[in-house]
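Predicted model and sequence below, questions to follow.
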Amino acid sequence: MIRAAKIAAVIIAAFFIAPYVVPSPRVEIPADLLAASDQVEPRPVYRFTSDGCSGGLSIGWRAVFGAPPPFEGCCVGHDFWYWRGGTVEQRASADEGLWRCVAATGHPWLAWVMWAGVQPGGSPKLPFPWRWGYGEYYYRPYASN
């Protein structure tokens with residue numbers, strides 16, 4: 001039991017520390033998404049960026065399979081909504097869209113894992129580079145309806 005708790009603690013620590021010490025993979029952002037990010041109003045402080053699938057998933061997939069994950073485009077689209085921020089309802093819609101997109105690539109179990117990860121890990125109150133509204137200075141609360 002104690003051994004399992006130690007393993008879980010290491011995995012959780014790696015999930016939260018890795019994005020700060022491991023370089024992000026080079027992720028190709030589609031031109032239409034970049035163009036759309038330039039048209040967003042109100043304009044976020046920082047330009048749109050994406051690390052692919054956060055929490056080391058893109059990096060790990062590349063290390064194991066030698067190619068980006070087949071669902072990385074889902075993550076980039078999800079990052080667009082997280083960068084932009086907005087209401088609680090918009091975040092719920094973005095998370096559901098991620099789940100649907102990843103499941104449609106033939107990875108429904110991973111879609112559930114990713115959805116379960118973005119629920120607590122994407123809060124705008126957390127100082128992570130993948131939080132809701134990361135295009136703005138920390139901390140930007142949810143927009144009002």
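Great, that's in hand. This is a predicted model, so every value here is computed, not measured.

where's residue 75 relative to residue 140, distance?
The gap separating residue 75 from residue 140 is 21 Å, by CB to CB, to the nearest Å. Bear in mind the C-beta positions are built from the backbone N, C-alpha and C, glycine included.

swap that for residue 105, please
Counting by CB to CB, the gap from residue 105 to residue 140 is 31 Å.

Please apply the same query to residue 63.
Distance from residue 63 to residue 140, by CB to CB: 33 Å.

and residue 103, what element?
Taking DSSP states H and E as the criterion, residue 103 maps to helix 88-104.

More neighbours: residue 75 and residue 140, which one.
residue 75 (26 against 17; other CB atoms under 10 Å).

tally of neighbours for the nearest residue to residue 75 once chain neighbours are set aside?
Spatial nearest neighbour of residue 75, excluding adjacent residues (CB to CB, 6 or more residues apart in numbering): residue 53 at 4.0 Å. Other residues within reach of residue 53, judged by other CB under 10 Å, total 28.

Residue 35 too?
Applying other CB under 10 Å, I find that residue 35 has 9 neighbouring residues.

Then residue 122?
Residues within reach of residue 122, counting by other CB under 10 Å, total 21.

Residue 6 too?
10.

Just give me the residue closest to the centre of this protein.
Nearest residue to the geometric centre of the chain (CA atoms, centre = their mean): residue 54, 4.7 Å.

hang on, isn't that one packed against residue 114?
No. Residue 54 lies out of contact with residue 114 (CB atoms under 8 Å); the separation is 9.1 Å.

what touches both of those two?
Common contacts of residue 54 and residue 114 (CB atoms under 8 Å, 6 or more residues apart in numbering): none found.

quick one: the helices in the chain?
For the chain, applying DSSP state H gives helices covering 2-21, 31-39, 57-65, 72-84, 88-104, 108-121.
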